[in-house]
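>>> Kindly return the folded structure for what I paste below:
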Amino acid sequence: MTSPWLILGVAGLFETAWIISMKYSDGMSKLLPSALTIIFLVISMYLLALAVRELPMGSAYAVWTGIGVVGAVLLGIVLFDEPSDALRILFIALIVMGIIGLQVTS
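This next block holds a predicted model:
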């Protein structure tokens, strides 16, 4: 059986994928990125639903959104030239520490 934490991690990656594809969809006005947004969103939610069968719901949701937030911010920096100042990186690091902390204590 696959680890629920692994499933949750993959769900978080698909969350990052749908938010990035939504950016590329230009307000859902471009067909392919819009379709990918919906597909990635459905996959992400399905995997989250599988993970919460065995994980505490609050922890799973926080980790899932945390992975999505960190992924979106990092890819926003790389792909869309979003700011990458020291404070922003510090707060992303705090989110990562929170994700690790929730996984270790759950």
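>>> Report pLDDT for the residue most central in space within the chain.
Centroid-nearest residue in the chain, with C-alpha atoms, centre = their mean: residue 68, separated by 1.8 Å. Note for residue 68: predicted pLDDT of 96.
>>> you'd agree it is up against residue 19?
Yes: contact criterion C-beta atoms under 8 Å: residue 68 and residue 19 qualify, at 6.4 Å. From N, CA and C alone the C-beta is placed, and that goes for glycine too.
>>> Look at the residue lying closest to residue 67 once chain neighbours are set aside and report its pLDDT.
Closest residue to residue 67 apart from its sequence neighbours, by C-beta to C-beta, 6 or more residues apart in numbering: residue 12 at 2.6 Å. Here, the pLDDT recorded for residue 12 equals 97.
>>> Residue 43 too?
pLDDT, read off for residue 43, is 98.
>>> now it: how far from residue 15?
Separation of residue 43 from residue 15 (C-beta to C-beta, to the nearest Å) stands at 9 Å.
>>> Then residue 74?
Look at residue 74 and residue 15: by C-beta to C-beta, they are 13 Å apart.
>>> quick one: which of those two has more around it?
residue 15 (25 against 15; other C-beta atoms under 10 Å).
>>> check contacts around that one.
Applying C-beta atoms under 8 Å, 6 or more residues apart in numbering to residue 15 gives the contacts 40-41, 44, 64-65, 67-68, 71.
>>> Among the residues you listed, name the ones in helices.
40-41, 44, 64-65, 67-68, 71 (DSSP state H).
>>> I'd like to know which of those residues are buried.
Neighbour counting with 16 or more other C-beta atoms under 10 Å marks 40-41, 44, 64, 67-68, 71 as buried within those.
>>> Of those, just say which sits nearest to residue 27.
residue 41 (15.7 Å; C-beta to C-beta).
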